[in-house]
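K.L.:
show me how the following folds:
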Amino acid sequence: MTVQVAAGSYADVLTELVDARVASRLAARDATLWGPEAEQEAAIRLDWVDLPRSSRPLLAEIDALRAELWGEGIDRVVLCGMGGSSLAPEVITRTYGMDLLVLDSTEPSVVERALRGDLQRTVVVVSSKSGTTVETDSQRRAFEAAFARVGIDAASRMVAVTDPGSELAEYAAESGYRRVFAANPHVGGRYSALTAFGLVPSGLAGVDVAELLDEADDVAAALAADEPTNPALLLGAVLGGLPGDVTGGPQRRRDKIVIADADSGVTGLGDWAEQLIAESTGKQGRGVLPVPVEGPDAPEVLTAADDVSVAFVVDAIRAEDQPLVVVPEAAAGTPVAAVAGPLGGQLLLWETAAAVSGRLLGINPFDQPDVESAKNAARGLLDHQPAPEPAGFVEAAVEVRAPAGLLDGVGTLDGAVAALLDRVGDDGYVAVMAYLDPERDAPLRTCRAALARRTGRPVTFGWGPRFLHSTGQYHKGGPAQGAYLQLTTEASTDVPVPDRPFSFGTLVAAQAAGDARVLADHDRPVLRLHLREPVAGVAQVLEALR
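P.N.:
Numbering: from 1, shown residues only. Predicted structure coming up:
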């Protein structure tokens with residue numbers, strides 16, 4: 001496991017961390033590391049440091065259930081979960097090349113496609129710490145009804161992963177679910193990759209999850225060492241945004257970290273790390289904005305601004321032969337970290353580094369005070385279901401909306417986009433929030449790099465409502481630097497949520513409207529583009545953004 005930095009000196013920060021014995025105290029689960037205000041929360045959130053060993057009893061249970069299911073010809077695994085319940089299994093199974101259908105959307109076409117699969121071969125893993133996550137509860141209801149329609153006993157095909165005593169645990173036990181896995185309640189969702197939340201769906205899909213735990217255990221001692229060579233301390237210093245560049249003169253905190261894969265063999269780590277970093281650090285007006293990009297040639301790498309650091313995830317063997325990834329076009333003085341290691345070790349490394357960065361930033365890395373705001377707003381809109389607010393104007397397939405002031409004197413889509421981008425300051429970023437279908441509307445992803453080139457600033461891209469459990473916390477709790485572009489569409493075919501007074505189309509619309517309302521309440525500039533027809537609308541939006 002290695003972390004090496006191509007530019008920037010972190011000697012002072014590392015000395016501070018080593019002298020304070022941060023690494024060894026964290027390994028010993030010292031809840032005082034983040035100050036008195038965080039101590040109560042930290043005291044019940046630190047079991048993740050022992051997971052490489054404490055999760056071992058799960059292995060036999062997972063193996064036995066997988067053998068049962070496969071023996072019955074049940075080999076299609078669907079995971080219903082959000083945020084920490086879905087992102088770790090996604091990166092694990094993609095890296096190992098195993099099939100896992102992750103359903104972390106409420107967009108009706110995505111839900112309908114998941115329900116359309118071969119139910120005779122399907123087992124559904126319902127993952128939720130609280131058991132009350134509205135997206136996961138709605139997906140669970142839809143699958144139970146789908147099994148019943150084709151004459152399959154739903155409970156025999158349902159597996160729950162949840163905290164002990166949760167509503168889901170009680171419901172699953174009463175309903176006779178095939179298996180209920182009790183997760184460790186003293187591990188927060190974003191640190192749960194090596195708990196039942198990460199291991200159960202991955203193991204059922206065929207991953208050798210014992211290897212993941214071995215890889216994490218192999219690096220645990222190095223991550224607990226109070227040494228300046230400790231990779232978690234160095235990566236934590238990079239995430240903490242210190243010290244700036246090495247060219248002398250005034251410096252400002254680097255509060256954005258661009259994450260690019262450089263043929264590492266680990267697939268999708270940036271999406272998982274995005275949630276970990278954004279939810280751990282984005283609060284109290286502070287934080288580090290994680291920006292997963294397409295690769296080392298992304299605009300944010302080639303023309304890195306002076307508030308940006310770069311982390312390349314590189315192949316471990318390559319790191320030994322060529323320990324530093326050289327990007328000649330990168331801005332002089334940009335800290336460029338090369339991070340290498342097997343997946344299990346990387347999961348524990350990034351978790352440890354995120355906790356270290358919280359100490360450097362002076363925040364509690366284990367709470368998420370702003371996550372509930374968008375959920376509450378969405379619930380309110382579901383309860384009352386008001387008529388949509390009228391559009392500011394309509395251009396072809398796109399309805400344009402924005403809070404008061406943003407569209408003053410604007411009557412075209414191009415003008416609306418320009419008005420939003422004019423709000424991006426020299427320390428700002430753009431967030432594209434697409435409540436659309438990632439498969440049908442995949443071309444939209446190209447707008448991320450196009451906007452980064454156009455603005456010269458970092459750009460994040462998230463599918464809704466998935467990002468609400470990731471960067472959504474940072475959007476409201478982090479620095480007031482963002483400009484937000486929300487994209488929604490009409491559901492051509494809606495999907496009901498059984499025994500609920502709303503459909504998936506109603507739910508995703510309420511989530512989008514609720515999030516926009518909370519952002520506006522925080523005085524964040526939000527441009528809302530509603531696509532009357534998704535294919536034509538996406539093409540029109542892409543043209544305007546470029």
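
K.L.:
from here on, contacts and neighbour counts on C-alpha atoms
P.N.:
OK.

K.L.:
any idea which helix or strand comes after the lowest-mean-pLDDT helix or strand in the chain?
P.N.:
The helix or strand of the chain with the poorest confidence is helix 316-321; it has a mean of 59 (mean pLDDT, DSSP states H and E). The helix or strand immediately downstream of helix 316-321 is strand 336-340, counting by DSSP states H and E.

K.L.:
partners of that next one, with directions?
P.N.:
strand 2-5 (antiparallel), strand 308-314 (parallel) (DSSP bridges).

K.L.:
chain center to stretch 356-366: distance?
P.N.:
Here stretch 356-366 is found 18 Å from its chain centre; the criterion is Cα atoms, centre = their mean, to the nearest Å.

K.L.:
which residues touch it?
P.N.:
22, 33-35, 37-38, 41-42, 45, 188, 232-233, 236-237, 239-240, 279-281, 283-284, 286-287, 354-355 (Cα atoms under 8 Å, 6 or more residues apart in numbering).

K.L.:
list buried residues within these.
P.N.:
Among those, those classed as buried by 16 or more other Cα atoms under 10 Å are 22, 33-34, 38, 41-42, 45, 188, 232-233, 236-237, 239-240, 279-281, 283-284, 286-287, 354-355.

K.L.:
my read: F461 touches Y429, true?
P.N.:
No: the criterion here is Cα atoms under 8 Å, and F461 misses it with Y429 at 11.0 Å.

K.L.:
for A391, which non-adjacent residue is spatially closest?
P.N.:
Residue nearest to A391 in three dimensions, not counting chain neighbours: R401, with 5.2 Å by Cα to Cα, 6 or more residues apart in numbering.

K.L.:
repeat that for V293.
P.N.:
A260 (5.4 Å).

K.L.:
burial count for the one you found?
P.N.:
26 (other Cα atoms under 10 Å).

K.L.:
neighbouring strands - and their directions - for the helix or strand where it lies?
P.N.:
Here A260, judged by DSSP H and E, is contained in strand 256-262. Partner strands and pairing direction for strand 256-262 (DSSP bridges) are strand 289-292 (parallel), strand 308-314 (parallel).

K.L.:
in whichever helix or strand comes after the shortest one, what counts as buried?
P.N.:
As assigned by DSSP H and E, the chain's next helix or strand after strand 289-292 is helix 299-302. Applying a neighbour-count criterion of 16+ other Cα under 10 Å, the buried positions in helix 299-302 are 299-301.

K.L.:
as JSON lines, the residues you listed with pLDDT and distance to S130 would be great.
P.N.:
Output for those, formatted as JSON lines (pLDDT from 0 to 100; distance: Cα to Cα, whole Å):
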{"residue": "P299", "pLDDT": "95", "distance to S130": "39"}
{"residue": "E300", "pLDDT": "95", "distance to S130": "37"}
{"residue": "V301", "pLDDT": "92", "distance to S130": "39"}
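
K.L.:
quick one: which of these is nearest P228?
P.N.:
V301 (26.4 Å; Cα to Cα).

K.L.:
would you map out the domains in this structure?
P.N.:
When the chain is parsed with automatic domain parsing, its domains come out as 2-33+226-361, 55-214, 371-545.

K.L.:
for G97, see how far away G265 is.
P.N.:
The spacing between G265 and G97, counted by Cα to Cα, to the nearest Å, is 11 Å.

K.L.:
I misspoke; the intended subject was Q511.
P.N.:
32 Å.

K.L.:
next one: G268
P.N.:
12 Å.

K.L.:
of the two, who's got more company?
P.N.:
Using other Cα under 10 Å as the criterion, G268 and G97 rank with G268 on top: 19 against 13.

K.L.:
show me the contacts for that one.
P.N.:
The contact partners of G268, taken as Cα under 8 Å, 6+ apart, are 90-91, 94-95.

K.L.:
which of those residues ranks first by neighbour count?
P.N.:
Counting by other Cα under 10 Å, top hit in the contacts of G268: E90 with 24 neighbours.

K.L.:
surely that residue forms part of a helix?
P.N.:
Yes: assignment of E90 by DSSP: H, G, I helix; E, B strand; the rest coil places it within a helix.

K.L.:
that one and L194: what is the separation?
P.N.:
Relative to L194, and taking Cα to Cα, E90 is found at 13 Å.

K.L.:
ok, V125 next?
P.N.:
16 Å.

K.L.:
looking at these two, which has the bigger crowd around it?
P.N.:
Neighbours per residue (other Cα under 10 Å) separate V125 from L194, with L194 holding more: 28 against 24.

K.L.:
pLDDT score for the residue nearest to the more buried one when sequence neighbours are not counted?
P.N.:
Of all residues not flanking L194 in the chain, L51 sits nearest, at 6.1 Å (Cα to Cα, 6+ apart). With respect to pLDDT, L51 scores 98.

K.L.:
now do whatever helix or strand L51 lives in: distance to the chain's middle.
P.N.:
Taking DSSP H and E as the definition, L51 sits inside helix 51-54. The chain centre lies 23 Å from the centre of helix 51-54; the measure is Cα atoms, centre = their mean.

K.L.:
could you pull out the helices in the stretch 51-200 of the chain for me?
P.N.:
Counting by DSSP state H, counting those that start in this stretch, the stretch 51-200 of the chain has these helices, from start to end: 51-54, 57-71, 87-96, 108-115, 134-149, 167-175, 196-204.

K.L.:
burial of W70, as a residue count?
P.N.:
15.

K.L.:
ok, now V538?
P.N.:
22.

K.L.:
who does Q4 bridge with?
P.N.:
A338.

K.L.:
for the closest residue to D226 other than its chain neighbours, what are its contacts?
P.N.:
Closest residue in space to D226, ignoring its immediate chain neighbours: V18 at 5.0 Å, by Cα to Cα, 6+ apart. The neighbourhood of V18, defined by Cα under 8 Å, 6+ apart, consists of 226-228.
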